[in-house]
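>>> A predicted structure for the sequence below; I have some questions about it.
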Amino acid sequence: RWLFDQAVCTLYAFCGVLFGLCSLGSLTVLSTVCCLKVCYPAYGRCWDVFSRRHAAVLLLGVWAYALAFATAPLAHWGSYGPEPYGTACCITWEASSREAALYILALFIFCYLLPCLLILASYALILWTVWGSQRALRQH
């Protein structure tokens, strides 16, 4: 069972959601930047002078995006609570209201489905570009 009070449960769940979303967001940004550099070299040249400022803006964007979804249950759009087995805390997946169901749906679409599709599309485009380059080299 969860050994601490509700405040610690909420903090534990908040940190888990925040860091999990930041991780997936960082992977999404990384795959997108790699795709731009490999597949669209003309556009990718503007990233040649990739600086700390560019990296900071991208990281701040990832953290802001994750923070928006992680703080939503604190503003009562969704909620945090013990997991079904009671040993840890996370998002309460059982929607008790329409707002909670909308939060879960938004979380699924914008924090799981969209990032995963962007990652898959980015790496698929990179593979397609590499295969196209290999064919072009064989022809020459």
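Perfect, I can see it now. Numbering: from 1, shown residues only.

>>> if we ignore the residues flanking it in sequence, what's nearest residue 25?
With CB to CB, 6 or more residues apart in numbering as the measure, residue 62 is the residue that lies nearest to residue 25, at 3.9 Å, once sequence neighbours are left out. Backbone N, C-alpha and C define where each C-beta goes, glycine included.

>>> please disregard the earlier target; I meant residue 90.
residue 13 is the one closest to residue 90 (CB to CB, 6+ apart), at 5.0 Å.

>>> now the one helix or strand the one you found maps to: buried residues?
Assessed by DSSP states H and E, residue 13 sits inside helix 6-39. Within helix 6-39, the residues scored as buried using 16 or more other CB atoms under 10 Å are 9-10, 12-14, 16-18, 21-22, 24-29, 31-33, 35-39.

>>> what does stretch 89-98 rub up against?
Contacts of stretch 89-98 with the rest of the structure, by CB atoms under 8 Å, 6 or more residues apart in numbering, involve 2, 9-10, 12-13, 16-17, 73, 78-83, 100-101, 104, 107.

>>> the residue nearest to residue 90 contacts residue 81, doesn't it?
Yes. With contact defined as CB atoms under 8 Å, residue 13 reaches residue 81; the gap is 7.5 Å.

>>> which is the next helix or strand following the lowest-mean-pLDDT helix or strand in the chain?
Least confident element among the helices and strands of the chain, by mean pLDDT, DSSP states H and E: helix 41-44 (a mean of 69). Remark: after helix 41-44, the chain's next helix or strand is helix 52-71, criterion DSSP H and E.

>>> I'd like to know which elements that next one is packed against.
helix 6-39 (3 or more CB pairs under 8 Å, 6 or more residues apart in numbering; DSSP states H and E).

>>> what angle sits between the helix it packs on and helix 52-71?
On the basis of axes from the mean of the first three to the mean of the last three CA atoms, to 10 degrees, helix 6-39 is oriented at 140 degrees to helix 52-71.
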